[in-house]
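Asker: no sequence on hand, only this structure:
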């Protein structure tokens, strides 16, 4: 869905610098090598199989590079299944993690060879049993999402007390109860956020063992952070905290582990490059109008949930600024409650870079609202 | 940007009914004749030239039908200019209403023959004077947005006290100061919302007359309502209130008038048709999962700003339900704070129709987040 060039020219930014040709803004500059490197770090962290969450950024070159490293994939629709398979993944490397899906979509995934599905209700178990017979199922357990910048609603997950019942029902319908899945919320800042759900999952495993079932898989979800404005503890602290929680709960009988990072793999690999359209004083507040905004990829700035680090190549003292996108929609405004700090010398035509933008930008872009094209990707290297 | 079929089969909805072939859901069923009819009503309301706001729904068949009726257009980007011209409009029927735009975009519009631009700052006046010399300019004045379901931020508009200064500066740079523009906020429920800005615009006109300028155009913006959940006063009340305010302010020297309806023309012409994927109990709350959601067109449900009327063909007693979309994003939830009332018999596979969805749905759809395709349009007739 995203266009790309194979070898874009590097940027020469800032005024007064001799400029080489540069891509038309706005665009996402994506460095696939950074994502691969991040994949390797996450792979080493706790020995879990890494299923990259395709929804974060489905660029085919990214999926191909990750598949080439042996990365597995977390998918949520037939189109994502197709993308992962086209990138070179095997069906047994795919985990279909959407807990509520249409029969049609389950059947498509099954036809493509997918045999591992997440469920969170008896109704979903019946659907999977009907159209994907014999498959493995993980039951998604509700968590609080505390400590996350993009917390979870009640949309997915059942209470821990229901998990064993749902997985027993799955076994009764010929499915294979693989284990438990949970998600602590995206951009999770608390390394200890996994401890409580791991303990709860341990309880579910014990219940299943007690009725003669043999779960073997624990899906620790995503939530691994990107390098946003407020920072986060080092990744190693996450690994240590999760490892300690696993030791406490499972001792020597640790299940096979899966993690589903999306932002944690690709966010830091992308930089959104935009151009200043205007700098205006609005009743004493400085407004910086960019050629990118809420409708061209920056949806996660709504409610100021995600605060990107922002840099320019123009120096000098800084001051607060509200950012606005290019559309004539009054909702196309970023950080009005808590303005960002940008150099006071910023002017029309200058470039602005938003960092850690590789996840949830190109894929959240509209089809072209107000005639402004979807956010393009330009690959580095 | 939107696909369509020339003659889709009509729907046969509900269980137990012999079904004819029906389009795959989700889609927007768009009846262009309804939009044309609404255009005629708005045209007759106060004798204003109607500039349909292309951003609300840029479907080429819709633009073509409106252009065929003599409708003018409100555009905000070179791509929207191209769409309106391709639909058969003349350049002098286009009003470029985006108050903050890049030099590149102004130059493109000028090259396409556009000669009427909205500005709201001295910086913008200088840009327009530089790349669209001799053009007419309207100055956008800030309003409160009170009474609107989708209110305006401080993104656009200057204080009434600044308008005359900006328009005088425009005249000094060789532009033609046409008059004043304002916008009372989308889905405006108060017919008297126009009175205060009309009075303020009258003050600006007087200031301009005092310095020898001759403004002739007043742009009353959009805000005309669609038939959403809470209803609205009849359109005639809007006409009467605006007419009275114009008489009070301008007496017999009424300027030429423009209105810029988007939702007011096309919202009621569209119905979003979705299929129930699952009905689940989540901690005592009924959740209805649909194959359409926030990322496939229903962005305006965020913060529950816009509440669509929702019907199904399944009868019986109703009860509250939270709606959820098909993606595995936990933000893809509609009306969690104030659930909607839907029949208790609703089940997997049933159709659900969201009414007055013709505006700000297909155009707000993502490029295909999570592998779910952008909202398609199926034309009626």
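Answerer: Structure received. Bear in mind the structure is a predicted one, so any value in this text is a computation, not a measurement.

Asker: use CA for all of it now, contacts and neighbours both
Answerer: OK.

Asker: quick check: bridge partners of the residue of chain A found nearest chain B?
Answerer: In chain A, the residue that lies nearest chain B is residue A:366 (4.0 Å; C-alpha to the nearest C-alpha). Residue A:366 has these beta-bridge partners by DSSP bridges: residue B:366.

Asker: name the next helix or strand following the helix or strand of chain A with the lowest mean pLDDT along the chain.
Answerer: Here the helix or strand of chain A ranked lowest by mean pLDDT, DSSP states H and E is strand A:148-150, holding a mean of 68. Sequence-wise, the next helix or strand downstream of strand A:148-150 (DSSP states H and E) is helix A:160-172.

Asker: packing partners for that following helix?
Answerer: Contact analysis of helix A:160-172 by 3 or more C-alpha pairs under 8 Å, 6 or more residues apart in numbering or on different chains; DSSP states H and E lists helix A:122-131, strand A:136-140, strand A:176-181, helix A:195-210 as its packing neighbours.

Asker: kindly recompute the last result at 10 Å.
Answerer: Contacts defined by 3 or more C-alpha pairs under 10 Å, 6 or more residues apart in numbering or on different chains; DSSP states H and E place helix A:160-172 against strand A:116-119, helix A:122-131, strand A:136-140, strand A:176-181, helix A:195-210.

Asker: what are the buried residues along the first one?
Answerer: By neighbour count, and taking 16 or more other C-alpha atoms under 10 Å in any protein chain shown as the criterion, the buried residues in strand A:116-119 are A:116, A:117, A:118, A:119.

Asker: which other helices and strands contact it?
Answerer: strand A:94-96, helix A:103-111, helix A:122-131, strand A:136-140, helix A:160-172, strand A:176-181.

Asker: outline the domain layout of chain A.
Answerer: For chain A, automatic domain parsing gives the domain ranges A:33-266, A:267-379.

Asker: so which of those domains gets nearest residue B:314?
Answerer: domain A:33-266 (19.5 Å; C-alpha to C-alpha).

Asker: quick one: distance of stretch A:23-41 to the chain centre.
Answerer: Between the centre of stretch A:23-41 and the centre of its chain there are 14 Å (C-alpha atoms, centre = their mean, to the nearest Å).

Asker: that stretch near chain B at all?
Answerer: No: if you take C-alpha under 10 Å from any C-alpha of the partner chain as the test, stretch A:23-41 misses chain B, and the best it gets is 11.3 Å.

Asker: and residue A:238, how far from residue A:45?
Answerer: Distance, residue A:238 to residue A:45, using C-alpha to C-alpha, to the nearest Å: 8 Å.

Asker: quick check: buried residues in the helix or strand harbouring residue A:37?
Answerer: Element membership for residue A:37, per DSSP H and E: helix A:32-46. By neighbour count with 16+ other C-alpha under 10 Å, helix A:32-46 contains the buried residues A:32-40, A:42-43, A:45-46.

Asker: quick one on the thing from earlier: just the helices and strands packed on strand A:116-119: most buried one?
Answerer: Most buried of the helices and strands packed on strand A:116-119, by mean neighbour count (mean count of other C-alpha atoms under 10 Å in any protein chain shown): strand A:136-140, with a mean of 29.

Asker: give me the most central residue, chain A.
Answerer: Residue closest to the average C-alpha location in chain A (C-alpha atoms, centre = their mean): residue A:262, at 3.1 Å.

Asker: list the contacts for that residue?
Answerer: Taking C-alpha atoms under 10 Å, 6 or more residues apart in numbering or on different chains, we find residue A:262 in contact with A:35, A:39, A:50-57, A:73-74, A:186-187, A:221-226, A:358-360.

Asker: now, those residues that are in helices?
Answerer: Using DSSP state H, A:35, A:39 are the members of the contacts of residue A:262 that sit in helices.

Asker: any part of the top strand by length along chain A near chain B?
Answerer: Longest strand in chain A, counting residues (DSSP state E): strand A:270-282. Yes: Strand A:270-282 reaches chain B (C-alpha under 10 Å from any C-alpha) through A:275, A:276, A:277, A:278, A:279, A:280, A:281, A:282.

Asker: how close does the first one sit to residue B:116?
Answerer: Spelled out, that is residue A:275. Distance from residue A:275 to residue B:116, by C-alpha to C-alpha: 25 Å.

Asker: so which helix or strand takes in residue A:319?
Answerer: Using DSSP H and E, residue A:319 sits in strand A:318-324.

Asker: okay then, goodbye and thanks.
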